[in-house]
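Trainee: next come a sequence and a model predicted from it.
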Amino acid sequence: MSNVITPVTGLNILTSLRYESVDFKGGQTGQNPTQAYTQGAWSPKLGIVYQIIQDKVSVFGNYQNSFTSNGYYISDANSNVTLSDPERANQFEGGFKASLIKGRISTTLSYYNIKVKNTLLNVGYTAQGRAIQRQAGSLRSQGVELEANAYLIKGFSVIAGVSYNDMKYTEADETVMGRRPATASSPWLVNFNASYQFLDGNLKGLGFGVGGNYASDNKIVNSTTMGTFILPKYLVMNANVFYDTAKFRIGVKVDNFTNEYYWNGYTTANAQPLANVVGSFTYKF
């Protein structure tokens with residue numbers, strides 16, 4: 001259930017309460033029979049938005065709590081299973097939103113702080129290649145995000161975002177204590193896209209764009225026992241050109257036109273495509 005109230009002009013308050021429950025009837029994990037279990041919890045949410053300057057600048061803040069049941073996990077090299085405690089997270093977020101130049105530029109700057117307990121951590125593998133896990137304790141994730149959308153002149157738009165995330169185990173096995181989780185992705189992420197389309201004249205319908213994605217080094221293995229394995233940072237650039245009419249659209253898209261060698265993954269290294277071109281034709285009925 002949820003409700004939004006406006007006690008004074010420009011101030012909106014959201015309250016929400018949700019109950020989540022998992023009722024497992026029993027079954028099997030690998031070769032191990034597993035008993036039935038029930039796990040559940042209430043998850044509250046509170047959000048506040050206040051317009052400092054009406055329809056232009058707002059400040060916001062919110063709190064939410066989540067519940068996740070991870071069920072059984074393999075806890076040793078003999079493939080024995082253990083029922084995990086529910087994973088719980090508490091998130092605080094706050095920031096500013098702005099709409100400037102008659103709405104042509106909109107931006108959001110936010111800070112968040114998330115604390116999670118009872119997370120599962122991969123600590124090795126069985127002889128059959130199945131992941132051995134352990135309840136790692138607690139981790140903290142905090143960071144900042146900046147997003148901006150701009151439509152400054154007719155037909156031209158820009159979308160951009162940058163984020164920084166600092167995540168580490170705060171209560172865990174000594175092999176990962178104080179380290180960034182292997183599933184946390186890159187600390188720095190940047191994306192942008194700029195496009196222009198002729199809306200009038202002889203070139204009406206012709207458009208083109210350029211964009212890209214940047215990611216900093218990503219530690220997909222990070223512990224004292226397994227060492228550290230890093231996927232290197234990368235910058236991938238993409239471009240496209242199209243001609244759009246009332247009856248049809250023709251487009252050509254070039255991904256990774258700089259032919260960047262790069263990998264992504266969460267605990268795995270997955271090679272990504274080099275430069276490639278895709279053409280498209282759409283007929284509109």
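Mentor: Right, received. Where do you want to start? Residues are numbered from 1 along each chain as shown.
Trainee: and the average pLDDT for stretch 161-174 is what?
Mentor: If you average the pLDDT over stretch 161-174, you get 93.
Trainee: show me what that stretch is in contact with.
Mentor: Stretch 161-174 has contacts (CB atoms under 8 Å, 6 or more residues apart in numbering) with 115, 117, 121, 123, 134, 136-148, 176-181, 184-185, 187-192, 224. Placement of C-beta: from N, CA and C, glycine included.
Trainee: try 7 Å
Mentor: 121, 134, 136-147, 176-181, 184, 187-191 (CB atoms under 7 Å, 6 or more residues apart in numbering).
Trainee: could you do stretch 140-150 as well?
Mentor: Around stretch 140-150, the neighbours that count as contacts under CB under 7 Å, 6+ apart are 104-115, 157-168, 170.
Trainee: next: stretch 56-68.
Mentor: Contacts to stretch 56-68, defined as CB under 7 Å, 6+ apart, come from residues 20, 41, 43-52, 86-100.
Trainee: out of the contacts of stretch 161-174, which end up buried?
Mentor: The neighbour count (16 or more other CB atoms under 10 Å) marks 121, 134, 136-137, 139, 141, 143, 145, 147, 176, 179-181, 184, 187, 189-191 as buried among those.
Trainee: quick check: next helix or strand after whichever strand or helix holds residue 134?
Mentor: Counting by DSSP states H and E, the element that carries residue 134 is strand 131-153. With elements assigned by DSSP H and E, the helix or strand that comes after strand 131-153 is strand 156-171.
Trainee: how about that next one, which residues are buried there?
Mentor: For strand 156-171, by 16+ other CB under 10 Å, it's 157-158, 160, 163, 165, 167-169.
Trainee: and stretch 32-52, by the same measure?
Mentor: Using 16+ other CB under 10 Å as the test for burial, stretch 32-52 gives 34, 39, 41, 45, 47, 49, 51.
Trainee: residues in contact with the least confident helix or strand in the chain by mean pLDDT?
Mentor: Least confident helix or strand, the chain: strand 27-29 with a mean of 79, by mean pLDDT, DSSP states H and E. With contacts defined as CB under 7 Å, 6+ apart, strand 27-29 is touched by 34, 72, 81.
Trainee: let's see 8 Å
Mentor: With CB under 8 Å, 6+ apart as the contact definition, strand 27-29 has outside contacts at 33-34, 72, 74, 81.
Trainee: what strands line up against it, and which way round?
Mentor: For strand 27-29, the paired strands and their directions (DSSP bridges) read strand 32-34 (antiparallel).
Trainee: tell me how far the most far-flung residue of the chain relative to its centre lies from residue 157.
Mentor: Most distant residue from the mean C-alpha position of the chain: residue 202, 41.8 Å away (CA atoms, centre = their mean). Distance of residue 202 to residue 157, given as CB to CB, to the nearest Å: 22 Å.
Trainee: also residue 112?
Mentor: 27 Å.
Trainee: over to residue 259?
Mentor: Taking CB to CB as the measure, residue 259 falls 27 Å from residue 157.
Trainee: and for residue 124?
Mentor: In this view, residue 124 and residue 157 are 49 Å apart by CB to CB.
Trainee: and if you look at residue 201?
Mentor: Per CB to CB, residue 201 is found 19 Å from residue 157.
Trainee: could you do residue 134 as well?
Mentor: For residue 134 relative to residue 157 (CB to CB), the value is 48 Å.
Trainee: please identify the helix or strand for residue 9.
Mentor: Under the criterion DSSP H and E, no helix or strand holds residue 9.
Trainee: quickly list what the closest residue to residue 52 other than its chain neighbours is bridged to.
Mentor: Among residues not flanking residue 52 along the chain, residue 59 sits closest, at 5.9 Å (CB to CB, 6 or more residues apart in numbering). Under DSSP bridges, the beta-bridge partners of residue 59 are residue 50, residue 96.
Trainee: just the C-alpha atoms of stretch 214-226, please, in PDB.
Mentor: This file holds the C-alpha atoms of stretch 214-226, laid out as PDB (Å, rounded to 0.1, in the frame of the first residue of the first chain):
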ATOM      1  CA  TYR A 214      33.200   4.400 -20.900                       C
ATOM      2  CA  ALA A 215      33.900   2.000 -18.000                       C
ATOM      3  CA  SER A 216      36.900   2.100 -15.700                       C
ATOM      4  CA  ASP A 217      38.900  -1.000 -14.600                       C
ATOM      5  CA  ASN A 218      36.700  -3.900 -13.300                       C
ATOM      6  CA  LYS A 219      37.900  -6.400 -10.800                       C
ATOM      7  CA  ILE A 220      36.000  -9.600 -11.600                       C
ATOM      8  CA  VAL A 221      38.200 -11.600  -9.100                       C
ATOM      9  CA  ASN A 222      39.200  -9.900  -5.900                       C
ATOM     10  CA  SER A 223      40.200 -11.800  -2.800                       C
ATOM     11  CA  THR A 224      43.400 -12.700  -0.900                       C
ATOM     12  CA  THR A 225      43.000 -16.400  -1.800                       C
ATOM     13  CA  MET A 226      42.100 -16.100  -5.400                       C
END
